[in-house]
Structure formats: C-alpha cells, structure tokens
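>>> got a sequence here, can you model it:
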Amino acid sequence: MITLGVAGHIDHGKTSIIRALTGMDTDRLPEEKLRGMTTDLGFAWLDLDNGHTVGIVDVPGHRQYIRHVAAGLFACDAVLLVIAADDRWMPQTQEHLDIISLFGIKRGIIVVNKIDIVADRDSAVKDIKAHLQNTVLKDAPVICASVLTGEGIDDLRREIEKLDQSISERKDIGRPRLACDRVFSIHGVGVVVTGTLQHGILKTGEEIYFAPGLLRGRVRNIESFKKDNEHVEAGTRVGINISNVKKEDIRRGDVITAEIPPISRTIDAVLTVLPGQTIKNNCKYRINLETRDLEARIILFNYPENLLKRDSVLAQLRFEEDVTSYIGEKFIVRSDSPETTVGGGTVLDPAAVKYRKKNEPEIVSALLKRCTCGIKDIVESEVMLKGEININSLPWTEYSSDDMRKCIEEISNNKEYRFIDGHLVSEKTVENNTEKLLTLIREKTDNIRNEVSVATLKQEISIPEYIFRECLAELKLRSLIERNMDAVKLSKAKNDLTEAQQKIADQIILFTKKHRQNPLTIKETVKNFPGKTDILRYLIKTGRLIELPDFIVLDEDYFNAMKRFVKDTLAEKGEITIQDFAARFGLSRKYNVPVLTKCDMLGITRRQGNVRVSADFIA
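Below you'll find the predicted structure:
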C-alpha cells in the first residue's frame, strides 16, 4: 500500500485530476469550494484492479500555502506532478519539485493536464520534459490528460497501478509513528486524528504518546479508507479515534508514538541548499518538519571539513519549542523574506548538545560519518558523539532494533571497540578513562596515603559504572594497581617519607613521648599539628605510634615497654590486674583500661573476671 502526493502549481487541475480518478472531491473546506482553490491538505483514495488501495494527498498550489505542501508530501512514497499544458512550467511547479527532491521522493508520474486546450501538445510536452532533465523525476512517465474529455485518465490509472507494484512495502521497524495532519471531533465518537503511519504497526487498544508534549491516550478505533481495522501497517493513510484526550490538547504536527521518542530543542543536521539560494549563519528560518511549521535559528558549523560538497553544509537548528525527530528524517527550510524554499535537510542528531566551537572537530567528524545514514555509520558515529551506545536504549532511526543490535554485535568484534554490559564503547574511550582513573589514583595517594577507597574514586571521576569497572580491571590487568577489598593502591607503592615529612613525623613522635603520663587522643594531637593528619595516620599504620581504644595514642617504645611488663607479670603471677599496671606506670584508669584492652586485641591477654590472664591459658 502506497501514499501518493499530488503536487503542482495553482489552477493546474490537481483536485480535478483526483476527482476524475476517484470520484472524490478533496476540497473539503467551505472557503475552498467558494474560491475554487485548495488552501489545505485534501485526502482521497484509489482502489486498483490488483486489489490494492492507494492513499492520495492533495496539496495546495498557491505559494502562500507551501507549509501545507511540505506537511502533505513528507510521508509520500511517490507523486503525481500535475502541469497544465497551457501554463507549462510555473514557479510553484518548480518549488513543489524542489520539495519533492528534498524529501528524497524519487518515483512519480508527470501529468500534463488540460491537454485539450492547446494546439501544439508536442511542444508543451517537450518543454516540460526539458525542465525535468537532471531532476529526480527525469525518468518518470508522462501522461497527457484532460478532465473535460476524459483523455488519459485510464492511462493514468494504469500507470499508478504499475507504480504501486514497483514500490516495496515500507519496513516495519517496530516503532509506529504518525504525524497528525488533521485533528477534529465527531459527536458521539470523540477525538479523531489523521495521518500517514510510518515505521510500524498500530493496533486498537494500544497506549500511545502525543509528542512532544507526551500527552497519553489510547487507540479506540482505527479507520482506513472508510473501513475499520484492528491494526494498520506502515505506509497506510489512517484515521484514529483516540480516547482519554481532548481535541484542544492536540494539534497538527503532534506525533503519535508507542514509546517516548527523542525530544529536544536542538538538532544537528546536514543541509542541502537549492541552486541560487543561500542559508545564512545565525539567522532564523521556517522549518517544515513532518506536519509541523516551526521557527529555528540555524548555526552553521565553521570547520574546514564541513565542506561536504558545494551545496551541502553541517548545521545546528535551535528551536524555541520542543520538537521530536529521528536520525535520517528529512525537512524543508524556508525563508520568510522573500517567502521561498531555500533548501532542506536531514536530521543527524535529534537530541544534540548545544554547539560549542571548542568541540567542533569531534562533532564534525562524527556528523560527517553519519551523513550517509547507513546503519554501521550511525552506530559508529553514535559512539563518537555520545561515547557509547546502549543496546537497551537505541537511537531513533529508520532501522529496527534487531537490525541495530545485530550491527552492534558485528562492530564489537572490531579491535577498535569493546562491548561491556550491553554497551558498545570505543577502545579510545576506555583508554582515555583508564588514564584518567590512573591519574586520579596517583593524585589521591602518596608515600603516606598509599591507598584510596573505590567509593572516593567513583565519586570524583564521574564516569558510568560499567566503564569505571572496566577501567579498574584494565589497570589491575596491566599490574599498575593492587586492589584490597574496597580500596586500591599503586603497585610497588613507596612507603618512605620525604625529608620534610620525616621532620614532622619526628616532631609528632617526640610530642607523643612528652605526654606519656597523660596520653593524648588523635584529635588532640592533630590540634597541635594542623593539616598533618596523613602523617599521623601513616605513623600509626607503620607501627611507630600505637592507637589504643578511645583513640588514645602512645609512642611505640612506651607501648612495647607496657607489653613486656604485662608478659613478665603473667609469667610470674599467672595474671595481671589494673592495680598491677597502675603501680608500674602511674597512669589513671582512663589509660590503664585501654592499654590492657589493646593487649586483649593483640592476643596477649584475655579478660577473666576482674583480672587478665594469658590468652593461651585454659582454666
């Protein structure tokens, strides 16, 4: 099933041709019937002899309504370009053909209408074919027709059937998408939206989003060409009855999706500039994206490699409202003064980071690769732009998730990439972050603090968890670090103090010795050596100072003397009391108890009632 757009200059007979083919009048508005001029989109369908039905979109021919032309043609598979034999090639004939080309539509039929009113039809056809040279429709069949006499209508119908048979069905990529081109309400039915379904199957009962506002709704009923359907496939013109929404909450341009699409106000794109036109940097233009008519400021990338070819350029579009799009989507660029189509473009990044000149080389390199819109280039450029690609959160493209995952799997076998916990990352990303992590470990450790906690590293390096784990494993594999439970240290880390640090250490030890009769806590010691906590901790770790319970600190020699006394007393008496210890060292209970408790902790003594016995003693 295909959708056929009918384009051409005003008053060249587009609507009349459709009426002759289908028996339907696509001018539905009172104003259109009164003026005899199409001002908005019109819709019809044609039942073919092969059993297929072709959806038809009639677009207005007046230059004032070009925004509707873009809204009507963007989802078409092919076109009828209607040209009056008496007027021949006219301004909107050219502008419509430009839009057809910019949307990438390459199939169509040329209808030379009103052939009955010209004397020299051969001259008219020759002139029209001359204009079609070097265009996307240069090989399209040409049908001479007259609505008044009926000439050519049957031939046109047969050509449409050939066209239908030659165009492949649109691929179901599992992400149904419909840009609303009409929104209305029917009494007793409710809200109805119409559009051309793309990218997937839509079913009754399915929950949907209206992007970019993300209003939720449910598909109550689907109608296509006056027939109710349980589901419809991509490429079908449909009317959808939506429940749980109000008409005033929806507008033309809203996009129906089954899952949340990318939503942004910044899009990176490659622009194609039409011959004789220009797109100026940092200026506002009208952007026709799907069925929306928007304003955006265009920022041209100013990097030498940006020169793709003479008529193309990389750029960033900055909108004043949220938009949704996907990689590979086409759009039209128009100027307000003069009001004309100046070019078009293809979306390369639907949720781009705001352009900064310092990041331009990396961005340009990735976008240049993505310009092909090939699946492999999209995957690799996504890694270049975002650092990784997650198989559970794939970018929105014209490819299915299965195709994307298969491509990722193939690329992961390349030595330039790694596949880690469902993420494809470049070897360069792992290497850069590994170096970054090693530098951080070096900064956080020295000959005093020779290890740092994993939690501290995670907090300060700010990289995804899966990359952090990979980098840590990489450093360990290279024997650059050692891991001890929840901390890491550099391999072959030195534990020697510098000369300046040793002077401070000697002062702390001397200070501690001076307070043997009234030992201080760690906190009290640090007050006398502000900023030297690391050295104090180093002395405790290396055993030159001893930390007792309650954070009391003794020098090593003093504590060793205490241990010898305890062992000698145990050997002589078989037990030791707090009184024995106090009599020998003259300390108060405040210090005696922590010392003996430390002996318990070291496995020298064991408390038994009010005395201590040897830890090896068995009663």
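
>>> make it CA atoms for all contacts and neighbour counts henceforth
Will do.

>>> so where's the stretch 201-350 of the chain shaky on pLDDT?
When residues are selected by pLDDT under 70, those of the stretch 201-350 of the chain lie in 303-310.

>>> now with 80, please.
302-311 (pLDDT under 80).

>>> OK, contacts around the residue nearest to Arg516 when sequence neighbours are not counted?
Sequence neighbours aside, Leu554 is the residue nearest to Arg516 in space, at 7.1 Å (criterion: Cα to Cα, 6 or more residues apart in numbering). Leu554 makes contacts with 512-513, 516, 519-520, 545-548, as judged by Cα atoms under 8 Å, 6 or more residues apart in numbering.

>>> cool, Lys129 as well?
Contacts for Lys129 (Cα under 8 Å, 6+ apart) come out as Lys138.

>>> wait, a strand at it?
No: the assignment for Lys129, made by DSSP: H, G, I helix; E, B strand; the rest coil, is helix rather than a strand.

>>> quick check: pLDDT value at it.
For Lys129, the pLDDT comes out at 96.

>>> separation between it and Leu163?
Look at Lys129 and Leu163: by Cα to Cα, to the nearest Å, they are 19 Å apart.

>>> and Ala583, how many neighbours?
Counted with other Cα atoms under 10 Å, residues neighbouring Ala583 total 10.

>>> that one is in what secondary structure piece?
Using DSSP states H and E, Ala583 sits in helix 578-585.

>>> list the buried residues of the helix or strand harbouring Glu443.
Here Glu443, judged by DSSP H and E, is contained in helix 427-444. For helix 427-444, a neighbour-count test (16 or more other Cα atoms under 10 Å) marks 429-430, 433-434, 437-438, 440-441, 444 as buried.

>>> pull the residues that contact the helix or strand following that helix.
Downstream of helix 427-444, the next assigned helix or strand under DSSP H and E is strand 452-453. Here strand 452-453 makes contact (Cα under 8 Å, 6+ apart) with 441, 444-445, 486-489.

>>> ok, now stretch 583-593?
Contacts of stretch 583-593 with the rest of the structure, by Cα under 8 Å, 6+ apart, involve 517-519, 578, 581-582.

>>> neighbour-wise, which of these leads?
When neighbours are taken as other Cα under 10 Å, the top entry among the contacts of stretch 583-593 is Phe581 (21 neighbours).

>>> ok, and the closest non-adjacent residue to it?
In space, Phe581 is closest to Asn592, 6.9 Å off (Cα to Cα, 6+ apart).

>>> how many neighbours does that neighbour have?
19.

>>> for Thr577, see how far away it is.
According to Cα to Cα, Asn592 stands 10 Å off from Thr577.

>>> what do you get for Glu388?
Applying Cα to Cα, the value for Glu388 to Thr577 is 67 Å.

>>> who has more neighbours, those two?
Higher neighbour count among Glu388 and Thr577: Glu388, with 22 against 18, using other Cα under 10 Å.

>>> got the confidence number for that one?
Residue-level confidence at Glu388 comes out at 89, pLDDT.

>>> beta-bridge partners for it, please?
Bridge pairing for Glu388 (DSSP bridges) gives the partners Val425.

>>> what packs against the longest strand along the chain?
Ranked by number of residues, the top strand in the chain under DSSP state E is strand 312-324. If you count contacts as 3 or more Cα pairs under 8 Å, 6 or more residues apart in numbering; DSSP states H and E, strand 312-324 packs onto strand 263-273, strand 292-300.

>>> point out where the chain drops to low pLDDT.
Where the chain drops to pLDDT under 80, the residues are 1, 27-39, 61, 63, 302-311, 355-360, 446-450, 485, 492-498, 616-619.
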